[in-house]
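[1] Dropping a prediction and its sequence here:
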Amino acid sequence: MKRDYYEILGVGKNATESELKSAYRKLAMKWHPDRNPGDKQAEDRFKEAAEAYGVLSDNERRAAYDRYGHGGVSANAAAGGSGFRSGFEGFPFGDIFEDFFGNTARGQSRPQRGEDVQTKVRMTLEDAFAGKQVKVAYQRPEVCTTCQGDGARPGTHPAVCPTCKGLGEIRIQQGFFAMSTTCVRCGGEGQVITHPCGTCHGEGMVHSHKEITVAVPAGVETGNVLRMTGAGGTIPGGRSGDLHVVIEVERHSVFTRKGKDLVCRLPLSFAQAALGETLALATPEGEVKVNFPEGTQAGDVIRLKGRGMPEIGRAGRGDILVEAQIQTPTKLTKEQRKLFEQLAELEGTSLRPKSGRKAKGVRAKMSDWVKRVGQAVREWATGVVGVVSTPKAAKKLL
Ligand code: ZN
């Protein structure tokens with residue numbers, strides 16, 4: 001014995017269209033096979049509700065059902081083979097399903113929002129420090145202003161697609177579900193352009209160059225993205241997409257960034273490191289003094305509190321970290337050498353002989369000797385110096 005359709009949906013005989021729809025929607029959500037996998041009873045309930053709604057949402061069939069009961073609609077129902085007319089065709093299944101299952105029963109739906117576009121902005125660390133108004137040029141898809149986006153030459157109109165009759169999709173019944181595919185003729189638009197617009201060639205959209213001034217806040221860093229709401233692509237009858245401005249902060253010659261801190265190195269001589277020194281450091285907000293204390297070691301870090309990068313939208317600032325880089329001299333003047341030797345002597349750590357002729361190192365002596373031999377050989381070869389038979393003899397001349 002078949003259950004009463006009104007009873008199945010839990011509504012009264014006088015239920016309005018929207019009451020029917022809402023009742024069916026609840027049941028369909030509850031018993032949908034996707035939510036009750038493998039549950040035969042749920043599937044039956046789902047089919048039962050779909051059948052009831054299929055009949056009652058169709059005014060003609062509802063009238064027949066009201067008059068003759070199941071017998072009034074059973075002839076139709078048998079034709080579909082799946083228990084009720086031709087599957088889901090003929091009643092607004094899509095309207096219900098796309099609300100909660102996405103576009104399961106419908107083909108393409110038109111986008112509601114324009115495309116998001118992206119552009120990049122390069123800036124110096126100084127600009128990132130202070131924040132800056134930046135003019136940004138970019139491209140975005142826009143509704144053609146000549147045809148207002150319908151793609152038809154002004155004065156003409158798009159025609160209803162003869163293939164899909166304006167639906168934009170072709171429905172195919174396959175077992176329990178009606179599948180729909182996008183109409184190939186009109187690409188899902190439901191209409192075809194007979195006289196294309198000269199500006200957009202019938203596309204309805206054009207690529208347009210735009211310029212916008214972006215207020216880049218202080219404290220940005222590479223990879224930050226500023227979203228400019230509504231500055232992206234436009235579409236007919238929907239709202240615009242967004243523009244994403246991707247920030248790239250250039251490398252700085254002095255500072256590297258670690259979060260909100262700025263890190264740099266300053267070179268100090270031995271003497272400066274030993275005696276202590278105050279150096280000037282050029283920062284994004286001008287010169288600041290860095291005090292290296294007496295006895296600064298290589299790698300020691302001086303922290304300049306609150307002198308670093310600002311944080312976006314916050315009051316605090318990072319620090320500047322200055323690392324001491326002690327420079328060992330590579331070429332000493334005579335005087336420097338003397339002083340270092342004196343220092344070494346004072347420290348009592350040196351094994352080196354003193355400077356001066358007598359104290360020349362073994363290496364220096366060797367190289368002097370080689371030079372002198374070379375000179376002698378050359379002189380011998382050119383006959384400047386008498387008759388010398390061999391380089392060995394030449395050595396004796398020295
Ligand atoms: Zn156009």
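    Done, it's in. Numbers count the residues shown, from 1 in each chain.
[2] and the gap between the closest residue to residue 241 other than its chain neighbours and the ion?
    With C-beta to C-beta, 6 or more residues apart in numbering as the criterion, residue 241 has its nearest non-adjacent residue at 2.9 Å, and that residue is residue 232. Every C-beta, even on glycine, is put in place using the N, C-alpha and C of the backbone. The span separating residue 232 from the ion equals 20 Å under the rule C-beta to the ion, to the nearest Å.
[3] For residue 232, what are phi and psi?
    The main-chain torsion angles of residue 232 are listed as degrees, to the nearest 10 and equal phi -80, psi -160.
[4] show me what contacts residue 149?
    Residue 149 makes contact with 143, 204-205, 235-236 under the criterion C-beta atoms under 8 Å, 6 or more residues apart in numbering.
[5] Pretty sure it sits in a helix.
    No. Note on residue 149: no helix contains this position according to DSSP: H, G, I helix; E, B strand; the rest coil, which reports coil.
[6] can you tell me which residues contact the closest residue to it other than its chain neighbours?
    Counting by C-beta to C-beta, 6+ apart, residue 236 is the residue found nearest to residue 149 once chain neighbours are left out, at 3.5 Å. For residue 236, the contact set (C-beta under 8 Å, 6+ apart) comprises 143, 148-150, 204.
[7] same question, residue 255
    Residues touching residue 255, when contacts are defined by C-beta under 8 Å, 6+ apart, comprise 125, 262-264, 283-284, 320.
[8] hmm, 10 Å instead?
    Taking C-beta atoms under 10 Å, 6 or more residues apart in numbering as the definition of contact, the neighbours of residue 255 are 125-126, 129, 261-265, 281-284, 308-309, 320-322.
[9] Next: residue 41.
    residue 31.
[10] same thing with residue 318?
    Residues in contact with residue 318 (C-beta under 10 Å, 6+ apart) are 219, 257-263, 305-311.
[11] so how many other residues sit close to residue 189?
    Residues contacting residue 189 under the criterion other C-beta atoms under 10 Å number 20.
[12] ok, so what distance separates it from residue 67?
    With distances defined as C-beta to C-beta, to the nearest Å, the gap from residue 189 to residue 67 amounts to 41 Å.
[13] From the contacts of residue 149, list the ones also adjacent to the ion.
    Counting by C-beta under 5 Å from the ion, the subset of the contacts of residue 149 that neighbours the ion is empty.
[14] Turn the residues you listed into JSON lines, columns for pLDDT and secondary structure.
    Putting these into JSON lines (pLDDT from 0 to 100; DSSP: H, G, I helix; E, B strand; the rest coil) gives the following:
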{"residue": "143", "pLDDT": "94", "secondary structure": "strand"}
{"residue": "204", "pLDDT": "89", "secondary structure": "coil"}
{"residue": "205", "pLDDT": "92", "secondary structure": "strand"}
{"residue": "235", "pLDDT": "90", "secondary structure": "coil"}
{"residue": "236", "pLDDT": "84", "secondary structure": "coil"}
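[15] Please check those residues and keep the buried ones.
    Of the members of the contacts of residue 149, the ones counted as buried by neighbours, 16 or more other C-beta atoms under 10 Å, are 143, 204-205, 235.
[16] how far does stretch 197-209 stretch from start to finish?
    Between the start and the finish of stretch 197-209 there is a gap of 20 Å, counting by C-alpha to C-alpha, to the nearest Å.
[17] Check stretch 153-173 too.
    The straight-line separation of the ends of stretch 153-173 (C-alpha to C-alpha) is 37 Å.
[18] Would it count as contacting the ion?
    No. Using C-beta under 5 Å from the ion, stretch 153-173 stays clear of the ion, with a minimum separation of 8.0 Å.
[19] Give me the buried positions along that stretch.
    Within stretch 153-173, judged by 16+ other C-beta under 10 Å, the buried ones are 153, 158, 161, 164, 167-171.
[20] cool, and stretch 236-251?
    Within stretch 236-251, the residues that qualify as buried by neighbour count (16+ other C-beta under 10 Å) are 240-245, 247, 249.
[21] Give me the below-cutoff pLDDT ranges for the stretch 251-398 of the chain.
    With pLDDT under 70 as the threshold, the stretch 251-398 of the chain has low-confidence stretches at 349-398.
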